[in-house]
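J.: Curious how this folds, go ahead:
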Amino acid sequence: MKVRTVCRCCSAGCAIVVAVDGARVVDVKGDKENPRTHGYICPKGHSLGYFHHRADRLDYPTLHGRPVGWGACLDDLAGKLRALITQYGPDSVGVYQGTGAVSDTIGLPVIERFIRKLGSEQFHTAATVDVAPALRAADLVCGTWFLWPVWIPEDEDNRLAIYLGSNPAVSNGYLTMLPDPQRRIRAFRRRGGKLWVIDPRRTQTAALADRHLPIRPGSDAILLAWLIRELLEEGADHEDYAHMTLAADRTRLQQSVQPFTLHRARDATGLDAAVLLELLSAIRVAGRCAVVAGTGITFGEHALLTEWLRWVLLIVTGSLDRRGGMWFNPGWTYPMERQPQWAHSPPEGLLGPGPKSRPELPSVFGQRPAIAIVDEIEARNLRALLVCGSSPLTAFPEPQRTEAALRSLDVLVSIDVVATPLTAIASHVLPSTGQMERADFVAEVSTSYAAAVVPRVAERRPMWWMLRELGRRLDVDVLEGLPAGTDSDDEVIRYLTAHSRDGGDALIAAGSTGLTPPRLYGWLRERGLPQGRWRLLPPGMADRLASLGRSQAQPAGSGSHPALLLVNGRQLSRTNSTDYVSPEVSRDLPRLRIHPQDAAREGLQEGDRAVVASSFGRVCVQLHLDDRLRPGVVSMSQGWHEANVAHLTSARRGIDPLTTQPQMTALPVSLTRVA
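T.: Reported below is the predicted structural model:
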């Protein structure tokens, strides 16, 4: 039998056809009849059968390593949580929601409902170790943190797209997704669109582009500031710019970008002046454009500043919420263009009090900073932690300190699909259904119903069910109005989509084809912005730009640039620490990529082992020579326990107090060969 459903290895939501034989997944292929993804599928999706039947799947709840029934496990857990709350207060209990939970759409909202109804402020997610700068920039500019501009390659009026530190040919996009990336990029270029990729490595996406600019890591903000400076002189949509922003902000912005000359941009980025002028000319010729950023930006030291400057460039060129530029998805689950009133964030953004152990770090968009979890545990403020679909051991800086803190908890709960190093130390392990055995819905541009294709086996349960049953034992109803005995994913989908455009029944009937909101332009401008304008110059941004200008005001050849800079990267077979592809098939390994010139200078060869050291720590890795890197740049992917790049990052130094996110790319490092 063949069943149509949707892959949930990432947020792209590619349509798949799954061949099943009883309870076995026999084969997975892309759905060629699907109008969204046209049969595209990456190696993760192809390997869903392998992943579903992995020998290390979690089948039974465990209590301190012993298999127990659900009743005994949840009774014990509820009793311990109740005792902690009684003695130490609700903030002694917290949750960490990881990337794995994001791919469980009907479980995701239940996590936050659970912890909020307990009365705890200890709600943490992967956002503050991943996308916080992008969310904060949206919050600052348009007063709403969950509104992000989307590039639509099929927009016939769009003639130019610029990618900064993003590789959708591997990742399928970041924050805003690009399923079926290669076909769509090629089609965009065939009709005359131009794609520029700005990245220290000639990535798979750069190989598809018209132009690739191998920028020096960490200098993107200076590039954008220079482009804005020049566009304000020639190339801006001055009529729209004046209409959509405040005059005082325009004046101060003009002054703020003046120091960023072509000479300064050339020296900082390491790019030829002629190439920079070609990029500027391309923007002027196109008029409106799309500018997309990825983790190469959001993991950096100047991530928030760079993300804000990306918005500014789009505002200056009149490219936001207009054809030829970038689109804002009004949404299917909650139709935002129908919203009569908006509760905008204050000018400084949606900030709140931070954790007691790190008062200098605020909560952002209702979340406590993830990097403060370890501090909260060490201070004994946090005594129980539920980890949903994640491994903090690879997601957080300072893994050894993180592991020691997690081991010291009174209660450590891991909700996951497969065994991990975290499940090995957890007091309570709750086995979740995998994506092949649970129904869900996936919201990309379209919202699609993802059918279960095989029955669940053993004692696996959906995450929403676990948290509902745990909440019931704690006198908390996380799904108010849903009948207590409900055991159906579809019923939860109907419940969660009650206020959507078409309702849950229509969504389920549409299946993996999905339902698409109208391609509206102008709705955000008309009704969604604070006082009908973009907040061009949010508090603190001009000061940050001035500080960046001063820090980069060094003469060329002064030796200010470190010998090696470490950048992050994505791998096709993995989503962070989750390896979907069999190691017998996967080509992805935990290796450090290095340019042959740099390897020769360091006396290193292909396959050598070396210690990579930063100011914060060190890790031993195997080397792979890669001439697609800019000389002076090395690259390594996150998520590997055995070669954990998180050892090179810090939870104390290099933290942006406006995003609470650590620096994880453009890190100065040194290499030492291991004999």
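J.: From residue 355, how far out is the residue lying farthest from the centre of the chain?
T.: Most distant from the centre of the chain: residue 675, at 37.6 Å, with distances by Cα atoms, centre = their mean. Distance of residue 675 to residue 355, computed by Cβ to Cβ, to the nearest Å: 44 Å. (C-beta placed from N, C-alpha, C; glycine too.)
J.: Also residue 212?
T.: Residue 212 sits 42 Å away from residue 355, going by Cβ to Cβ.
J.: Repeat that for residue 222.
T.: From residue 222 to residue 355 the distance is 34 Å (Cβ to Cβ).
J.: for residue 298, same thing?
T.: Residue 298 is 22 Å from residue 355, by Cβ to Cβ.
J.: Kindly report the same for residue 411.
T.: Counting by Cβ to Cβ, the gap from residue 411 to residue 355 is 18 Å.
J.: Looking at those two, which one has more neighbours?
T.: Regarding residue 411 and residue 355, a neighbour count based on other Cβ atoms under 10 Å identifies residue 355 as having more, with 26 against 19.
J.: Run a quick neighbour tally on the nearest residue to the more buried one once chain neighbours are set aside.
T.: Counting by Cβ to Cβ, 6 or more residues apart in numbering, the nearest residue to residue 355 once its immediate chain neighbours are dropped is residue 372, at 4.5 Å. Other residues within reach of residue 372, judged by other Cβ under 10 Å, total 27.
J.: doesn't residue 372 fall inside a helix?
T.: Yes: Residue 372 forms part of a helix when assessed by DSSP: H, G, I helix; E, B strand; the rest coil.
J.: Spell out which residues make up each domain of this structure.
T.: 62-121+359-433+457-496, 132-330+540-545, 562-673 (automatic domain parsing).
J.: ok, residue 591 - contacts?
T.: Residues in contact with residue 591 (Cβ atoms under 8 Å, 6 or more residues apart in numbering) are 621-624, 636, 643.
J.: Pick out whichever of the residues you listed sits closest to residue 39.
T.: Among those, residue 624 lies closest to residue 39 (Cβ to Cβ), at 31.2 Å.
J.: Look up the residues forming beta bridges with that closest one.
T.: Residue 624 has the following beta-bridge partners by DSSP bridges: residue 593.
J.: model confidence over the helix ranked longest in the chain, on average?
T.: Criterion DSSP state H: the longest helix present in the chain is helix 70-88. Mean per-residue pLDDT for helix 70-88: 99.
J.: just checking, what packs against whichever helix or strand comes after that helix?
T.: Using DSSP states H and E, the helix or strand that follows helix 70-88 in sequence is strand 93-97. Using 3 or more Cβ pairs under 8 Å, 6 or more residues apart in numbering; DSSP states H and E, the elements in contact with strand 93-97 are helix 70-88, helix 108-117, strand 123-125, helix 373-378, strand 384-388.
J.: and the fourth one, which residues are buried?
T.: Within helix 373-378, the residues that count as buried by 16 or more other Cβ atoms under 10 Å are 373-377.
J.: Quick check: mean pLDDT of that helix?
T.: Helix 373-378 carries an average pLDDT of 99.
J.: Check the third one too.
T.: When pLDDT is averaged along strand 123-125, the result is 98.
J.: Equivalent analysis for stretch 36-51, please.
T.: 96.
J.: Name the residues of that stretch that are buried.
T.: Buried, per 16+ other Cβ under 10 Å, within stretch 36-51: 36-49, 51.
J.: Which two among these are spaced furthest apart?
T.: 38 and 51 (23.4 Å).
J.: what distance separates the start and the end of stretch 626-643?
T.: 18 Å (Cα to Cα, to the nearest Å).
J.: The stretch 401-550 of the chain: helices as residue ranges?
T.: Counting by DSSP state H, counting those that start in this stretch, the segments of the stretch 401-550 of the chain that form helices are 463-473, 489-496, 504-510, 523-527, 541-551.
J.: What is the neighbour count of residue 135?
T.: By other Cβ under 10 Å, the residues close to residue 135 number 27.
J.: secondary structure class for it?
T.: helix.
J.: distance of it from residue 357?
T.: For residue 135, the distance to residue 357 equals 23 Å [Cβ to Cβ].
J.: residue ranges with poor pLDDT in the stretch 551-675 of the chain?
T.: Across the stretch 551-675 of the chain, the ranges flagged by pLDDT under 70 are 553-561.
J.: quick one, helices of it?
T.: 596-601.
J.: Likewise for the stretch 101-250 of the chain?
T.: Counting by DSSP H, counting those that start in this stretch, one finds helices in the stretch 101-250 of the chain at the ranges 108-117, 132-142, 168-171, 181-190, 220-233, 238-244, 247-257.
J.: who does the last one touch, helix- and strand-wise?
T.: Think helix 247-257. helix 220-233, helix 541-551.
J.: ok, of those helices, where does mean pLDDT dip lowest?
T.: helix 541-551 (a mean of 95).
J.: now it against helix 132-142, angle please.
T.: Per axes from the mean of the first three to the mean of the last three Cα atoms, to 10 degrees, the angle that helix 541-551 makes with helix 132-142 is 130 degrees.
J.: circling back to that earlier point, quick check: the residue nearest to residue 355 vs residue 312, distance?
T.: For residue 372, the distance to residue 312 - Cβ to Cβ - is 30 Å.
J.: do the same with residue 583
T.: 45 Å.
J.: In terms of neighbours, single out the busier of these two.
T.: Per other Cβ under 10 Å, whichever of residue 583 and residue 312 has more neighbours is residue 312, with 28 against 9.
J.: and that one, backbone torsions?
T.: phi -60, psi -40 (degrees, to the nearest 10).
J.: is it true that it touches residue 252?
T.: No: the criterion here is Cβ atoms under 8 Å, and residue 312 misses it with residue 252 at 11.8 Å.
J.: Mutual contacts of the two, please.
T.: Contacts common to residue 312 and residue 252, judged by Cβ under 8 Å, 6+ apart, are absent.
J.: mind listing the strands for the stretch 201-350 of the chain?
T.: 211-213, 290-293 (DSSP state E, counting those that start in this stretch).
J.: so which of those strands gets nearest residue 151?
T.: So among these, strand 290-293 is nearest, using Cβ to Cβ, at 3.9 Å.
J.: Please name the residues that touch the nearest residue to residue 463 once chain neighbours are set aside.
T.: The shortest distance from residue 463 to any non-neighbouring residue, by Cβ to Cβ, 6+ apart, is to residue 107 (3.3 Å). If you count contacts by Cβ under 8 Å, 6+ apart, residue 107 has them with 101, 388, 432, 462-464, 467.
J.: any idea which of the residues you listed is closest to residue 476?
T.: For these, the nearest to residue 476 is residue 467 (9.2 Å; Cβ to Cβ).
J.: surely that closest one meets residue 476?
T.: No: if you go by Cβ under 8 Å, residue 467 and residue 476 don't touch, sitting 9.2 Å apart.
J.: Now for the two: what residues contact both?
T.: Taking Cβ under 8 Å, 6+ apart as the contact rule, residue 467 and residue 476 both touch residue 114.
J.: more neighbours, those two?
T.: With neighbours defined as other Cβ under 10 Å, residue 467 and residue 476 compare such that residue 467 has more, 24 against 19.
J.: if I pick the more buried one, what's in contact with it?
T.: Neighbours of residue 467 in contact, by Cβ under 8 Å, 6+ apart: 107, 110-111, 113-114, 478.
J.: Not counting its neighbours along the chain, what's nearest residue 165?
T.: residue 296 (2.0 Å).
J.: Tell me how far that neighbour lies from residue 330.
T.: Taking Cβ to Cβ, one finds residue 296 at 29 Å from residue 330.
J.: one step back: top of the contacts of residue 467 by neighbour count?
T.: Most neighbours among the contacts of residue 467, by other Cβ under 10 Å: residue 107, with 27 neighbours.
J.: Need the per-residue pLDDT for it.
T.: 96.
J.: Dump stretch 292-309 to PDB, restricted to CA.
T.: Listed next in PDB are the C-alpha coordinates belonging to stretch 292-309 (Å, rounded to 0.1, in the frame of the first residue of the first chain):
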ATOM      1  CA  VAL A 292      17.600  36.400   2.700                       C
ATOM      2  CA  ALA A 293      19.800  35.500   5.600                       C
ATOM      3  CA  GLY A 294      20.700  32.300   7.400                       C
ATOM      4  CA  THR A 295      22.700  31.000  10.300                       C
ATOM      5  CA  GLY A 296      25.800  32.400   8.800                       C
ATOM      6  CA  ILE A 297      24.400  35.700   9.900                       C
ATOM      7  CA  THR A 298      22.300  34.800  13.000                       C
ATOM      8  CA  PHE A 299      25.100  32.900  14.600                       C
ATOM      9  CA  GLY A 300      27.500  35.800  14.400                       C
ATOM     10  CA  GLU A 301      28.800  38.500  16.700                       C
ATOM     11  CA  HIS A 302      26.900  41.300  15.000                       C
ATOM     12  CA  ALA A 303      23.800  39.200  14.200                       C
ATOM     13  CA  LEU A 304      21.100  41.600  15.300                       C
ATOM     14  CA  LEU A 305      22.800  44.500  13.700                       C
ATOM     15  CA  THR A 306      23.200  42.600  10.400                       C
ATOM     16  CA  GLU A 307      19.600  41.400  10.500                       C
ATOM     17  CA  TRP A 308      18.300  45.000  11.200                       C
ATOM     18  CA  LEU A 309      20.500  46.300   8.300                       C
END
